[in-house]
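*Asks:* next comes the sequence, and after it the predicted model I'd like to discuss.
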Amino acid sequence: METIFKLKDHNTDVKTEVAAGITTFMTMAYILAVNPSILGDAGMNPSAVLLATCLASCIGTLCMAFMANLPFALSAGMGLNAFLAYTVVLGMGISWQVALLAVFAEGIIFIILSLTNVREAIFNSIPLTLKKGVSVGIGLFIAFIGLQNAGLVVDSSTLVTITSFVDNFNTTGICALLAVIGVLITAVFHIKEVKGGILYGIVITWVLGMICQLAGIYVPNPEMGAYSLFPSGIMSVDFSALRDTFGQCFKVDFSGVGIFNFIVIIFSFLFVDLFDTLGTLIGVSTKAKMLDKDGKLPQIKPALMADAIATTAGAVLGTSTVTTFVESSAGVAVGGKTGLTALTTGGLFLLACLFSPLFTSIPAFATAPALIFVGFLMFEAVADLKFDKDNMVESISAYLCIIAMPLFYSISEGICMGVISYVVLKAATGKAKDVTPLMYVLAVLFVLKYIFL
């Protein structure tokens with residue numbers, strides 16, 4: 001392990017890295033339940049999607065471990081899977097096979113861009129202050145996801161509001177309450193500097209839920225989406241369903257699609273994946289203090305290549321775009337610093353093929369406290385923003401980036417807001433020469449994206 005991952009150079013050890021990898025996996029495990037559900041709505045076999053998601057996540061995360069030696073995990077990106085199912089397939093009437101071919105084409109383009117250093121250049125062109133803003137914005141974004149997963153945030157006439165703990169107390173109410181308790185437990189572990197505190201918080205919250213079910217406080221009600229908190233099984237060895245999606249992206253019928261529509265779909269996937277990935281790498285790397293003094297990530301090129309390979313493999317296996325997950329922050333917060341963290345997470349995704357009934361039983365309210373608390377840890381970067389007159393352009397653009405991510409529910413939209421505002425404000429205040437040419441190009445592309453996509 002020392003030879004491969006250089007643990008001593010990163011001031012870490014095997015125990016810490018493994019705990020971090022387990023934590024990352026547990027905060028990501030929801031994708032194994034959510035992705036089959038979403039892509040199932042597009043007509044795909046949910047069991048096949050589950051296996052494809054496990055395998056693609058394993059391939060991508062292992063590439064990240066051995067190619068980049070970074071503690072980042074990959075899986076089917078949330079938002080991108082919904083775009084494929086509800087916009088491309090159900091909205092545009094295009095078959096899921098054609099949609100997967102578009103994802104495959106996107107992956108090939110990303111491999112080429114990674115080899116030509118285009119993605120690396122984009123990463124390095126973003127100012128350090130804006131990168132700090134991206135980190136804070138992602139923190140708020142994943143905290144918001146955690147609040148939703150816990151059932152603490154619900155729809156209302158004001159768009160969102162806090163849930164009623166009294167209504168449906170024995171289902172959604174108690175789950176929301178347990179999530180609050182889980183946040184406090186995790187916070188205590190953090191204050192006491194307990195290693196693996198986030199992981200312990202997940203497990204303890206889950207155990208408390210099972211105790212509540214045994215005591216009759218929590219009552220399963222499938223019609224309300226409240227299922228038993230105990231695993232329905234341990235193992236499953238039936239992998240035959242994978243043939244329903246494997247290689248189907250090459251068996252397509254283009255009749256009625258149109259080349260223009262197909263190109264638009266490819267670039268839609270391409271754009272969102274590119275800046276979701278860059279945003280995640282920026283945010284998590286900032287939190288892990290992996291950026292150098294110039295705000296660059298030394299291992300950025302192999303990290304981006306791992307992401308591109310994972311997307312391509314995922315399309316062949318039968319899942320939507322695979323991307324670096326922001327939940328990697330949970331493992332970084334536990335102390336993960338090297339590819340051994342990613343190796344552990346990737347191994348668990350492979351095991352999930354066998355133990356899918358167990359892993360998919362982790363309730364959302366148990367992992368929600370981890371996401372909420374990691375949001376707090378990433379919010380620390382806001383202290384690095386300078387609000388004096390000389391840095392006002394940078395701080396305002398960072399602020400717009402921060403608020404856009406949770407409110408627009410998109411990392412890439414936050415980056416768009418940050419880059420556009422940064423370029424416009426610099427130019428409007430007579431500091432146009434401070435902006436790199438690539439930032440101007442990005443700003444123009446983002447504006448065109450809002451006009452045409």
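*Replies:* Good, I have the coordinates.
*Asks:* CA atoms for contacts and neighbours, from now on please.
*Replies:* OK.
*Asks:* how about the strands in the stretch 251-400 of the chain?
*Replies:* Taking DSSP state E, counting those that start in this stretch, the strands of the stretch 251-400 of the chain run over residues 322-324.
*Asks:* kindly report the same for the stretch 1-150 of the chain.
*Replies:* In the stretch 1-150 of the chain, the segments counted as strands under DSSP E, counting those that start in this stretch are 74-76.
*Asks:* okay, now the unreliable bits of it?
*Replies:* 79 (pLDDT under 70).
*Asks:* how about stretch 87-104: buried residues?
*Replies:* 87-90, 94-104 (16 or more other Cα atoms under 10 Å).
*Asks:* Gly40: which of those is nearest?
*Replies:* Trp96 (10.2 Å; Cα to Cα).
*Asks:* what sits against the closest residue to the closest one other than its chain neighbours?
*Replies:* Once flanking residues are discounted, Trp96 sits nearest to Val89: 5.9 Å by Cα to Cα, 6 or more residues apart in numbering. Val89 makes contact with 42, 95-96, 99, according to Cα atoms under 8 Å, 6 or more residues apart in numbering.
*Asks:* one more time with 7 Å
*Replies:* Residues near Val89 by Cα atoms under 7 Å, 6 or more residues apart in numbering: 42, 95-96.
*Asks:* distance to Ile112 added to those residues, as JSON lines?
*Replies:* Output for the contacts of Val89, formatted as JSON lines (distance: Cα to Cα, whole Å):
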{"residue": "Ala42", "distance to Ile112": "29"}
{"residue": "Ser95", "distance to Ile112": "26"}
{"residue": "Trp96", "distance to Ile112": "25"}
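*Asks:* from those residues, which land in helices?
*Replies:* Among the contacts of Val89, the residues falling in helices (DSSP state H) are Trp96.
*Asks:* just the closest of the contacts of Val89 to Phe144, please.
*Replies:* Set against Phe144, the nearest of the contacts of Val89 by Cα to Cα is Ala42 (26.4 Å).
*Asks:* just checking, the closest one touches Ala85?
*Replies:* Yes - between Ala42 and Ala85 there is a contact at 4.9 Å, judged by Cα atoms under 7 Å.
*Asks:* for the residue nearest to Trp96, give its distance to Pro220.
*Replies:* According to Cα to Cα, to the nearest Å, Val89 and Pro220 sit 33 Å apart.
*Asks:* now do the residue nearest to Trp96 against Ala333, distance only.
*Replies:* Distance from Val89 to Ala333, counting by Cα to Cα: 37 Å.
*Asks:* likewise for Asn124?
*Replies:* For Asn124, the distance to Ala333 - Cα to Cα - is 24 Å.
*Asks:* and the chain, what are its domains?
*Replies:* Following automatic domain parsing, one gets these domains for the chain: 2-233+250-381, 382-452.
*Asks:* for Ser240, find the nearest of those domains.
*Replies:* Closest to Ser240 of the domains of the chain is domain 2-233+250-381 (Cα to Cα; 8.1 Å).
*Asks:* centre of the chain to that closest one, how far?
*Replies:* Centre-to-centre, domain 2-233+250-381 and its host chain are 3 Å apart (Cα atoms, centre = their mean, to the nearest Å).
*Asks:* tell me how far the ends of that domain are from each other?
*Replies:* Using Cα to Cα, the two ends of domain 2-233+250-381 sit 30 Å apart.
*Asks:* where does the stretch 301-450 of the chain have low pLDDT?
*Replies:* The model of the stretch 301-450 of the chain has pLDDT under 70 over residues 360.
*Asks:* where along it do the helices fall?
*Replies:* 328-334, 339-354, 356-359, 364-379, 392-408, 411-428, 437-452 (DSSP state H, counting those that start in this stretch).
*Asks:* list of residues touching the second one?
*Replies:* The list of residues contacting helix 339-354 from outside it, by Cα under 7 Å, 6+ apart, reads 5, 17-18, 20-22, 24-25, 51, 54-55, 57-58, 61-62, 64-66, 69-73, 235-237, 359.
*Asks:* in the longest helix belonging to the chain, which residues are buried?
*Replies:* As assigned by DSSP H, the longest helix anywhere in the chain is helix 259-287. For helix 259-287, a neighbour-count test (16+ other Cα under 10 Å) marks 262, 265-287 as buried.
*Asks:* model confidence for the closest residue to Val316 other than its chain neighbours, exactly?
*Replies:* Excluding the flanking residues, the one nearest Val316 by Cα to Cα, 6+ apart is Gly247, at 4.9 Å. Looking at Gly247, its pLDDT is 92.
*Asks:* so Gly247 touches Gly314, yeah?
*Replies:* No - contact criterion Cα under 7 Å: Gly247 and Gly314 do not qualify, at 10.0 Å.
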